[in-house]
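A.B. asks: sequence plus predicted model, see below.
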Amino acid sequence: MDEQNKNLFLATALSFVVILVWFLLFPPPEEPPVDPNAPVAIEGEAPAVSDVAAAPTAAPGSAPAQAAESTETVEAPRVTLNTDRLEGSISLVGGRIDDLRLKDYRVTLDDDSEIVQMLNPAGSKDSVGSDNSYYALYGWAPGAGLTLDDVPGANTLWSVETGDTLTSSSPVILRWDSPAGLTFRRNIAIDANYMFSITQSVENTGGVAVSLAPYGILARKGEPADLKNFFVLHEGVVAMADGTLSEIDYGDMPDFNIVPSEGARAEVTQVAENGWIGFTDHYWMATLIPEPGSAYKQVAKYDESRDIYQTETVLPTIQLAPGESKNANTQLFAGAKEWDTIRAYEKGGVQGFLDSIDWGWFFFLTKPIFAVLHWLNAAIGNMGWAIIGLTLGIKALLFPLAYKSYVSMAKMKELQPEMEKIKERTGDDREKLQKEMMALYKKEKVNPAAGCLPILMQIPIFFSLYKVIFVTLELRHAAFFGPFQDLSAPDPTSLYNLFGLLPWASPEPGSIMALIFIGILPLLLGISMWLQQKLNPAPTDPTQAMIFAWMPWVFMFMLGSFASGLVVYWIANNTITFTQQYLIMRSQGFKPDILGNIKGSFKKATKPEEK
């Protein structure tokens, strides 16, 4: 086979191997099965003591340690929360932010689908009866002159001092009077998006100086029911400490060392100035954010006896003289991981907050790729066309490399007769053949490896775009046209029902039937790859010719279960590449015989004895 086809074969084969390994080792995550025999939640059932987050009993400045008994139920007295983007309530038992729903997001694409539930009270159950408690709890760790009963904890029943409904324009102030002569207040405010401002204040009306340390806790019972467990996505603890990002999977937390002062397995980090810590899910996140510029202790904890995951922030101990008052200001983010929203908070002082989105190791590619995609989507108003526009931009950036490659390929075609003469002249002398070939390339200024570069450059871009499409919220339920209403999901159409023309449903996504009966987009992908091959004659070697013939259709089935947005990118990329290569080769005096190559692929190869 000639050098041009050899290079194309090697580059395509490499792409095939990389994607095959990716597909086999890391298949798209399956939805967790629903157990029809699981117990149903009993309305008003109280949670077990062991299912409640730890409340602090430690000395001032140390992280919360022992469990505090809680009598809270889902029916605890509450303060309503209602903004343009959130709804829910705050429990007066413990003053917990534990009931939160996102008005802008639904669980599925169905119009009657429920909105996404972000936080859940202790003792609440999901649809299959599993405990899905997930909430934020604030309080004070007692120090000198105080006991656990003298400070508010998990069971403290607060009263409402100001406000009956928490909105973006009206905060709520909770109050609790301690038997030790301390008055505690908690001012809870929220902005127009997902950021709560929590001001904890304490006034010493007694006659004795005391010390105590404010803290915040995020606690969730067990692993999330919808945990993807997919390596391309981080779910679990995410934290920033003085510019250093940490990501801890749920599965790694039971391996923490036991920290006696914490009473559980924990990792403790001292933060000097700026940081935050919390839990990140696929599209949602809850994060504790101490006031920027303040030192504090950051804790990620797993209590295996109660199967509770916690993140904590413990602020420095304060000394409170009689008649003195002090405040502790913190923030709580609880909501959707929207690019614009999180970036605005980062610009507002939350250091590195944009890194809470899982950009991966190749953040230097994924971040700019998504930034451009997001901008195009805002300008065009359609994510599918934005992906196509992004593809055009990427191809424009790579055009100088592609131009050199295709010019080199065209020159290789022109040198074909001379190369055949060298092969005849050198015979079986491989060393002499290579020397004369290299001399010819040098004389004509042709790089036989140039054809590989454009394809090889596409591999990291392909994987980076896959990461972006899978991870970012903006692709969730993003519509293109017609049946393609979620570009983060596989193509919903299927050959099984002739793309909706026949009166039966498509196979269940992720099933073998769905893999076999592919949709429109994978089919177009296979055709676009096949046409791109026809710019050049098939290799003369029968084995290589067979591999080339099957390559587009293997890719078609392999990528059929990938996110449809990624398949849209691949189709657009193939189409643009075909156009570029055709025009550049024509400009160099070589006219690809596309029709002839297509006809040749359908002809039966002539056997040697028939010649």
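C.D. replies: Okay, I see it. Since the structure is predicted, the reported quantities are computational estimates derived from the model, not experimental observations.

A.B. asks: my read is Phe370 is in a strand, agree?
C.D. replies: No: judged by DSSP: H, G, I helix; E, B strand; the rest coil, Phe370 forms no part of a strand; its state is helix.

A.B. asks: for Ala563, which residues are in contact?
C.D. replies: Contacts for Ala563 (Cβ atoms under 8 Å, 6 or more residues apart in numbering) come out as 28, 466, 469-470, 475, 487-490. All C-beta atoms are positioned from the backbone trio N, CA, C, and that covers glycine.

A.B. asks: again, but for Phe480
C.D. replies: 382-385, 487, 564-565, 568.

A.B. asks: coming back round to it: possible to save the contacts of Ala563 as JSON lines with neighbour count?
C.D. replies: Shown next, in JSON lines, are those (neighbours: other Cβ atoms under 10 Å):
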{"residue": "Pro28", "neighbour count": "16"}
{"residue": "Tyr466", "neighbour count": "19"}
{"residue": "Ile469", "neighbour count": "27"}
{"residue": "Phe470", "neighbour count": "22"}
{"residue": "Leu475", "neighbour count": "25"}
{"residue": "Leu487", "neighbour count": "26"}
{"residue": "Ser488", "neighbour count": "21"}
{"residue": "Ala489", "neighbour count": "19"}
{"residue": "Pro490", "neighbour count": "23"}
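
A.B. asks: reformat those as JSON lines; add pLDDT, secondary structure and distance to Leu166.
C.D. replies: Formatted as JSON lines, these follow (pLDDT from 0 to 100; DSSP: H, G, I helix; E, B strand; the rest coil; distance: Cβ to Cβ, whole Å):
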{"residue": "Pro28", "pLDDT": "47", "secondary structure": "coil", "distance to Leu166": "39"}
{"residue": "Tyr466", "pLDDT": "86", "secondary structure": "helix", "distance to Leu166": "40"}
{"residue": "Ile469", "pLDDT": "90", "secondary structure": "helix", "distance to Leu166": "36"}
{"residue": "Phe470", "pLDDT": "89", "secondary structure": "helix", "distance to Leu166": "34"}
{"residue": "Leu475", "pLDDT": "94", "secondary structure": "helix", "distance to Leu166": "31"}
{"residue": "Leu487", "pLDDT": "93", "secondary structure": "coil", "distance to Leu166": "35"}
{"residue": "Ser488", "pLDDT": "91", "secondary structure": "coil", "distance to Leu166": "32"}
{"residue": "Ala489", "pLDDT": "89", "secondary structure": "coil", "distance to Leu166": "35"}
{"residue": "Pro490", "pLDDT": "88", "secondary structure": "coil", "distance to Leu166": "40"}
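
A.B. asks: between the residues you listed, which is closest to Gln270?
C.D. replies: For the contacts of Ala563, the residue nearest Gln270 by Cβ to Cβ is Phe470; the value is 34.5 Å.

A.B. asks: sketch out the low-pLDDT regions of the stretch 201-350 of the chain for me.
C.D. replies: In the predicted model, the stretch 201-350 of the chain carries no residue with pLDDT under 70.

A.B. asks: show me the strands in it, by range?
C.D. replies: For the stretch 201-350 of the chain, the strands defined by DSSP state E, counting those that start in this stretch cover 210-221, 236-241, 244-249, 258-259, 264-271, 275-280, 284-290, 296-303, 308-314, 318-320, 325-336.

A.B. asks: partners of the second one in the sheet?
C.D. replies: Looking back up the chat, that one is strand 236-241. Here strand 236-241 has these sheet partners by DSSP bridges: strand 244-249 (antiparallel), strand 275-280 (antiparallel).

A.B. asks: over to the last one?
C.D. replies: Taking DSSP bridges as the criterion, strand 325-336 sits next to strand 195-204 (antiparallel), strand 284-290 (antiparallel) in its sheet.

A.B. asks: what's the helix or strand for Pro400?
C.D. replies: Assigned by DSSP states H and E, Pro400 belongs to helix 399-414.

A.B. asks: repeat that for Ala478.
C.D. replies: For Ala478, there is no helix or strand it lies in under DSSP H and E.

A.B. asks: if anything else comes up later, I'll come back, but that's it for now.
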